[in-house]
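K.L.:
Here is the input, now give the coordinates:
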Amino acid sequence: MLNLLIRFCVREPWLVLLIAVGLSVGGWFAYQAVPIDAIPNVGENQVIVLTPWPGRSPKDIEDQVTYPLSVSLLAVPGAESVRGKSMFGYSFVQVTFKDEIDFYWARSRVAEQLGSAASQLPDGVVPQLGPDATGLGQIYYYVLRPPAEGMSLAE
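P.N.:
The predicted structure is shown next:
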């Protein structure tokens, strides 16, 4: 097979040269069309909804805030996934959109849906849109562990 390819290249040098030049020109135009950014956005297209409810347990927040918000935000057009997380005193819901959807259009659709979802939440609980940022900001999480086996953090 390799001998056949070499014989063809030796017999047809002008065709081989024409193909090489064509591929080079095509590569040059493809290179020119690639957008170049100093800090490219490689994260997901997402909108974050934060809902504080101070003094409540994660179970209460999951049942009364995170779950109703997650179900309501599933109806947002273009949403690929909705992930919710309940913490002590806070609900965190992340709505991920398809890449071709504009970030600000997605934020406005989520804001509209939050307006209708507010009636399902307890009194005094107001969901808020998170900052205009990518998911790359959520990189560093930490865990506190005792320094030695058999000790607690209080010691």
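
K.L.:
How is this protein divided into domains?
P.N.:
Domain assignment of the chain by automatic domain parsing yields the ranges 2-33, 45-131.

K.L.:
most neighbours per residue, which of those domains?
P.N.:
Using mean count of other CB atoms under 10 Å, the stretch among these with the largest mean neighbour count is domain 45-131, at a mean of 16. For every residue, glycine as well, the C-beta is placed using N, CA and C.

K.L.:
Show me the shaky parts of the chain.
P.N.:
For the chain, residues meeting the criterion pLDDT under 70 lie at 39-42, 133-143, 153-155.

K.L.:
So which residue is dead centre in the chain?
P.N.:
A centroid search over the chain (CA atoms, centre = their mean) returns residue 44, at 2.5 Å, as the residue closest to the centre.

K.L.:
The longest helix seen in the chain: what's the following helix or strand?
P.N.:
In the chain, with assignment by DSSP state H, the single longest helix is helix 13-33. Once helix 13-33 ends, the next helix or strand along the chain (criterion: DSSP states H and E) is strand 45-52.

K.L.:
for the next helix or strand after that next one, packing partners?
P.N.:
Counting by DSSP H and E, the next helix or strand C-terminal to strand 45-52 is helix 58-61. Packed against helix 58-61 by the contact rule (3 or more CB pairs under 8 Å, 6 or more residues apart in numbering; DSSP states H and E) you find strand 79-87.

K.L.:
Now do the strand it packs on: distance to the chain's middle.
P.N.:
Taking CA atoms, centre = their mean, to the nearest Å, the mean C-alpha location of strand 79-87 is offset from the chain mean by 11 Å.

K.L.:
ok, the helix or strand just after it: who's next to it in the sheet?
P.N.:
Under the assignment DSSP H and E, the closest C-terminal helix or strand after strand 79-87 is strand 90-97. Strands that pair with strand 90-97, judged by DSSP bridges, come out as strand 45-52 (antiparallel), strand 79-87 (antiparallel).
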